[in-house]
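> Give me a 3D structure for the following:
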Amino acid sequence: IFFRILMTAPFPHDVWTRICDFDQTSVLCLVCTRLYVLLHGRHVTCQTPAAQLPPKVAALQALASLTTLRLTVTGQGLLAVGRPAFAALARLQTLSTLVLMLQGDKLGTEGAPMLEELQNAKQLQTLTLGLTATDIRDCGARALSGLAALPALAALKLDLWGNKITQVGGAALARLGAGPALERLSLDCAGNEICDAGVRALLECMPSRSLRCLSLDLEYNVVSDAGAEALGSVCAQCPQLVEVTLGLARNSIESSGAARLAEGLGRSRTLQQVVLDLSSNKVCDSGACGLAALGASPSLRCLKLTLRNTHISDSGAALLAKGLGRAPAMSDLTLDLGGCNIGLPGATDVVQLRTAPRLRRLSIDLTGNAIPDEGIEALATGFQHARLRALHLAIPAKWVAERGRQALERLRTSSRPKCVTVEVPGLQPVPSRWASNTLLLRGRYYRASQWERHVARTWVASDSSSVV
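Have a look, this model is predicted:
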């Protein structure tokens, strides 16, 4: 029960209303009768079959204080009832946050125009639409572009995965960036047919004066170097942009595109957080050298860089670590180099990341690389006594031998970093108390040697825990 003892001293109604609006759930309604009467119907989460959508919307219209609505529509039959139901939703005058998930029915080009009814919801401040695999294509993208006219809309998230959107649809979605009050824009366009021309069209109206957070997922499209360069250029032109998330995995981006993308991101003087996924692209060593330019950004504080299966070798890893190790403001770095061609020299050079002056949290994933025991020893020894609050290392279990194990044990028990987590996939999972200097072995007994089982038992005993 929430504040069981203090409920005898009632707070003013506006205080409870503000707490409920901050949480955006109906949990407080279950505390007592007084709060139920005050807050019931303010934040609603419900699910309904498509055929029952009209009576459900009619019931929602009876809630005079409805502020947040999370509605999931399932099953077939939305084509017949969708347009009037969406029009009724748009007329809810008190509704400021709408999360609408459409599951199980393909709207197609015939049903896509019904999404235009949401343009009349002038009071909406936050809108999330889940349209995964609804086959709305470019027609649906044009219908959604009208949401830019909503005068109070500050946060917009569209899930458009697998809808066969092309360059035409990308040009239509570009108008969303022109929203007068839009601060947060998230577009999940993975699994479509967007090419470089589509990316340029999509970004045509993006340089907005109000946009602060941009998330764009273009995984499984046909983006190449020209599209990556356009993304970097647009991010540099947004004067208020603080956070950027770009999902570009499994495209056709090569080294020059990766370098130009990093160059554009590095030109921004306002970016503080960047999440960049270039997995399964041919970034290679020259592209890794270009990505090192992110370390020159004067404002970048948090970077998550995923480069799995990107053909980066020892020299590329060394150049990347050297560049990011010079980042003047970076405090949080996550670097995923799994599945590359990194060996002993690369593992040794990765230690240069510790030289970043303000770095406090560091996570490195080197699984899927042929790093010998000497490299693991050099990696563990290099990070010993580093000025870090938290360090996470993911290393390949296949190559760990006695010297590497001893070095990892010394790293775990050292006073710095304060919290150490070592992940060795392929070993039996070991429960942990999540205390300081914890060594975590995650994974299964999968092709584990007799020596690895002995190491697992040794580390379990040192943590006074039992194997699950």
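
> Could you use CA atoms for every contact and neighbour count after this?
OK.

> now the end-to-end length of stretch 232-246.
Between the opening and closing residues of stretch 232-246 there is a gap of 10 Å (CA to CA, to the nearest Å).

> scratch that, stretch 350-359
Stretch 350-359 has an end-to-end distance of 14 Å (CA to CA).

> Give me the buried stretch members for that stretch, please.
Buried residues in stretch 350-359, counted by 16 or more other CA atoms under 10 Å: Val350, Val351, Gln352, Leu353, Arg354, Thr355, Ala356, Arg358, Leu359.

> and the fourth one, how far is that from Ala190?
Relative to Ala190, Leu353 is positioned 32 Å away (CA to CA).

> The strand or helix carrying Ala87 packs against which elements?
Using DSSP states H and E, Ala87 sits in helix 78-90. Where contact means 3 or more CA pairs under 8 Å, 6 or more residues apart in numbering; DSSP states H and E, helix 78-90 is packed against helix 53-61.

> Beyond the helix it packs on, next helix or strand please.
Following helix 53-61 toward the C-terminus (DSSP H and E): strand 68-74.

> Packing partners of that following strand?
Using 3+ CA pairs under 8 Å, 6+ apart, strand 68-74 sits against strand 43-49, strand 97-102.

> which one of those is the most hemmed in?
strand 97-102 (a mean of 19; mean count of other CA atoms under 10 Å).

> ok, that one: who's next to it in the sheet?
Sheet partners assigned to strand 97-102 using DSSP bridges are listed as strand 68-74 (parallel), strand 126-130 (parallel).

> Okay, angle between that strand and helix 78-90 too, please.
Put simply, strand 97-102 runs at 180 degrees to helix 78-90, going by axes from the mean of the first three to the mean of the last three CA atoms, to 10 degrees.

> which of the strands paired with strand 97-102 sits most buried?
Ranked by mean neighbour count, those are led by strand 68-74 with a mean of 20 (mean count of other CA under 10 Å).

> tally of neighbours for the closest residue to Pro396 other than its chain neighbours?
Among residues not flanking Pro396 along the chain, Thr367 sits closest, at 4.6 Å (CA to CA, 6 or more residues apart in numbering). For Thr367, the count of nearby residues is 23 (other CA atoms under 10 Å).

> Show me where the stretch 151-300 of the chain has its helices.
With DSSP state H, counting those that start in this stretch, the ranges of helices along the stretch 151-300 of the chain come out as 167-173, 196-202, 225-237, 255-267, 284-291.

> Let's have these in CSV, adding mean neighbour count, mean pLDDT and distance to Asp332.
Converted to CSV, the helices of the stretch 151-300 of the chain look like this (neighbours: other CA atoms under 10 Å; pLDDT from 0 to 100; distance: least, CA to CA, whole Å):
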stretch, mean neighbour count, mean pLDDT, distance to Asp332
helix 167-173, 23, 92, 32
helix 196-202, 22, 90, 29
helix 225-237, 22, 93, 21
helix 255-267, 24, 95, 17
helix 284-291, 24, 96, 17
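
> roughly how far apart are the residue nearest the centre of the chain and Gly295?
Taking CA atoms, centre = their mean, the centroid of the chain lies closest to Thr245, which sits 6.7 Å from it. Counting by CA to CA, the gap from Thr245 to Gly295 is 17 Å.

> In this structure Leu246 contacts Val275, no?
Yes. Using CA atoms under 8 Å, Leu246 is in contact with Val275, at 6.2 Å.

> okay, those two: which has more neighbours?
Taking other CA under 10 Å, Leu246 and Val275 do not tie; Leu246 has more neighbours (20 against 16).

> so Val277 bridges to which residues?
In this structure residue 277 is Asp, not Val. Beta-bridge partners of Asp277, as defined by DSSP bridges: Gly247, Thr306.

> Flag the shaky bits of the stretch 301-450 of the chain, pLDDT-wise.
Applying pLDDT under 70 to the stretch 301-450 of the chain picks out residues 426-450.

> Give me the residue ranges of the stretch 1-150 of the chain where confidence is low.
1-9.

> Now do the same contact list for Gly338.
Leu307, Arg308, Asn309, Asp365, Leu366, Thr367, Gly368, Asn369 (CA atoms under 8 Å, 6 or more residues apart in numbering).

> how much space between Gly191 and Ser26?
Distance of Gly191 to Ser26, computed by CA to CA: 35 Å.

> same question, Ala121
Distance, Ala121 to Ser26, using CA to CA: 23 Å.

> And these two? Which one has more around it.
Neighbour comparison, Ala121 and Ser26: the larger count goes to Ala121, with 25 against 18 (by other CA under 10 Å).

> these two touch, right, the more buried one and Phe86?
No. The pair Ala121 / Phe86 is not scored as a contact, 9.7 Å apart, by CA under 8 Å.

> Please enumerate the shared neighbours of those two.
By CA under 8 Å, 6+ apart, no residue touches both Ala121 and Phe86.

> Could you export the helices and strands packed on strand 68-74 as TSV, including distance to Glu229?
As requested, those are exported to TSV (distance: least, CA to CA, whole Å):
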stretch	distance to Glu229
strand 43-49	41
strand 97-102	33
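
> For Leu333, find the nearest of those strands.
strand 97-102 (31.8 Å; CA to CA).

> Now do the contacts for Ala133.
Each residue near Ala133 by CA under 8 Å, 6+ apart is listed here: Lys106, Leu160, Trp161, Gly162, Asn163.

> got the angle for the helix or strand hosting Ala143 vs strand 126-130?
Under the criterion of DSSP H and E, Ala143 resides in helix 137-145. Interaxial angle of helix 137-145 relative to strand 126-130 (the same axes, to 10 degrees): 170 degrees.

> what's helix 137-145 in contact with?
Outside helix 137-145, the residues that reach it (CA under 8 Å, 6+ apart) are 108-109, 112-116, 163-166, 168-170, 172-176.

> and if you look at stretch 379-386?
347-348, 350-351, 354, 404, 407-408, 410-411, 414-417.

> tell me which of those residues is nearest to Leu202?
Nearest to Leu202, judged by CA to CA, of the contacts of stretch 379-386 is Val350 at 36.5 Å.

> what secondary structure does the closest one sit in?
At Val350 the chain is in helix, as set by DSSP: H, G, I helix; E, B strand; the rest coil.

> quick one: it and Ala317 touch, right?
Yes. Val350 is within contact range of Ala317, at 6.6 Å (criterion: CA under 8 Å).

> rewinding a little: any of the contacts of helix 137-145 buried? List them.
Buried members of the contacts of helix 137-145, scored by 16+ other CA under 10 Å, are 108, 112-116, 163-166, 168-170, 172-176.

> Might you specify the subset of those located within strands?
In strands, judged by DSSP state E, none of the buried ones among the contacts of helix 137-145 are found.

> measure His385 to Pro151 for me?
Noted for His385: a distance of 53 Å to Pro151, by CA to CA.

> Tell me who's in contact with Ile371.
Ile342, Gly343, Leu344, Ala347, Pro396, Trp399.

> and the second one, how many residues sit next to it?
It stands for Gly343. Neighbour number of Gly343 under other CA under 10 Å is 19.
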